[in-house]
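1. Let's see this in three dimensions:
(one chain, ligands or ions: 1)
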Amino acid sequence: MSVHSLIKRRTAQDIQIRKSGEPIVSLTAYTAAMAGIVDEVADFILVGDSLGMVVYGLDSTVPVTLEMMILHGQAVMRATRHALIVVDMPFGSYEESREQALRNAARILKETGCGAVKLEGGARMAQTIRFLVERGVPVMGHIGLTPQAVNTLGGFKAQGRSKAQWPAILADAEAVAQAGAFAMVVEAVAEPLAAQITEGVGIPTIGIGASAACDGQILVLDDMLGLTGRVPKFVKTYGNLAAEVRQAVTGYADDVRARRFPGADHVYSVKAE
Ligand code: KIV
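-> The predicted model follows:
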């Protein structure tokens, strides 16, 4: 038995039973280096399709492919031991049919070894969620602002700011929970609505821009570290890594330009033949 198999990684069930309990800590991570650090504190790590915008500089998550998600999922899995790893199903990989969703979710689970997938959509995705869960795929839902629908939503807009929208969003939450999801992300919804959703469903709600009413919180790691330029208004930055990186690369460039080549004092000697 390997040492790694003695360490128990969190499962979807471990997250599910935290409903109304100790708040669930979550962040995104896309690379081995960052995931290894986040693993020390997070209950679950999301390999989010936000990587399309954060890592690849895309304008939205729409162009992200299954292959991209699998490669980053593999990197994050290799670097982590404790947190549950959830990998996003990208746009176009699950909406066509329940069979398509199962085929691609199975690829994600098999090829990364992660513990769960996440997909966006409420009532319209409920049948698909049920189909996956009944066949052994733990699913995290995602309602409210669903960024993959940016082209139909008309932008990355907060949801539920008009009370007229509430019944549909509450029905989404109910449908996702009833379908067997173990938790759901609630993104960018008005605070009283987030509270109603959280009270109304029996699974944990993970808020992002959805107030403290939820059972847990998630942020995009690069946003909270101050690495990305423009961040949503609700993001609290806990670091200013962009400034630190700028200082480090400037120091390096200054050294090179002054011929203080780094490492020059550690030259390799020639081996005696
Ligand atoms: O892709 C992502 O990072 C997400 C989070 C914003 C919840 O879905």
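2. Whichever residue of the chain sits closest to the ligand: what's it in contact with?
-> Among residues of the chain, the one nearest the ligand by Cβ to the nearest ligand atom turns out to be Gly48. It sits 2.2 Å away. For the C-beta atoms, the positions are set from N, CA and C on the backbone; glycine is no exception. Gly48 sits next to Thr28, Tyr30, Asp88, Lys118, Val220 when contact means Cβ atoms under 8 Å, 6 or more residues apart in numbering.
3. go with 6 Å
-> Under the criterion of Cβ atoms under 6 Å, 6 or more residues apart in numbering, the neighbours of Gly48 are Thr28, Asp88.
4. ok, now Gly180?
-> Remark: with contacts taken as Cβ under 6 Å, 6+ apart, Gly180 is in contact with Arg130, Val133.
5. middle-most residue in the protein, spatially?
-> Residue closest to the mean C-alpha point of the chain, counted by Cα atoms, centre = their mean, is Leu46 at 2.9 Å.
6. That one in helix, strand or coil?
-> Secondary structure for Leu46, judged by DSSP: H, G, I helix; E, B strand; the rest coil, is strand.
7. Around the ligand, which positions in the stretch 151-273 of the chain sit nearby?
-> With Cβ under 6 Å from any ligand atom as the criterion, the stretch 151-273 of the chain comes near the ligand at residues Val185, Glu187, Ile208, Ile218, Val220.
8. Restricted to strands, list those.
-> Those of those mapping onto strands are Val185, Glu187, Ile208, Ile218, per DSSP state E.
9. so which two of those residues are the farthest from each other?
-> For these, the maximum inter-member distance is 8.9 Å, found between Glu187 and Ile218 (Cβ to Cβ).
10. which residues are in contact with both of those two?
-> A shared contact of Glu187 and Ile218, defined by Cβ under 6 Å, 6+ apart, is any residue touching both; here these are Ile208.
11. how about the strands in the stretch 151-273 of the chain?
-> Counting by DSSP state E, counting those that start in this stretch, the stretch 151-273 of the chain has strands at residues 183-187, 205-208, 216-219.
12. if we can go back for a sec, would you check that the residue nearest to the centre of the chain makes contact with Thr28?
-> Yes. Leu46 sits in contact with Thr28 when judged by Cβ atoms under 6 Å, with a separation of 4.9 Å.
13. Who are the contact partners of Thr228?
-> Shown here is Thr228, whose contacts under the criterion Cβ under 6 Å, 6+ apart are Asp222.
14. any idea how far it is from Gly239?
-> 12 Å (Cβ to Cβ, to the nearest Å).
15. Kindly tell me how buried Ser162 is, as a neighbour count.
-> A count of neighbours around Ser162, defined by other Cβ atoms under 10 Å, yields 8.
16. what does the one 3 residues further on give?
-> Gln165 has 15 neighbouring residues, counting by other Cβ under 10 Å.
17. Name the nearest residue to it, sequence neighbours excluded.
-> Closest residue to Gln165 apart from its sequence neighbours, by Cβ to Cβ, 6 or more residues apart in numbering: Gln159 at 6.3 Å.
18. what pairs with that neighbour across the strands?
-> Beta-bridge pairing of Gln159, defined through DSSP bridges, involves Val189.
19. Pro147 is in contact with that one, correct?
-> No. With the criterion set as Cβ under 6 Å, Gln159 and Pro147 do not qualify as a contacting pair; they are 11.4 Å apart.
20. Counting neighbours, go ahead and name the busier of the two.
-> When Gln159 and Pro147 are compared for neighbours, Gln159 comes out ahead with 23 against 20, by other Cβ under 10 Å.
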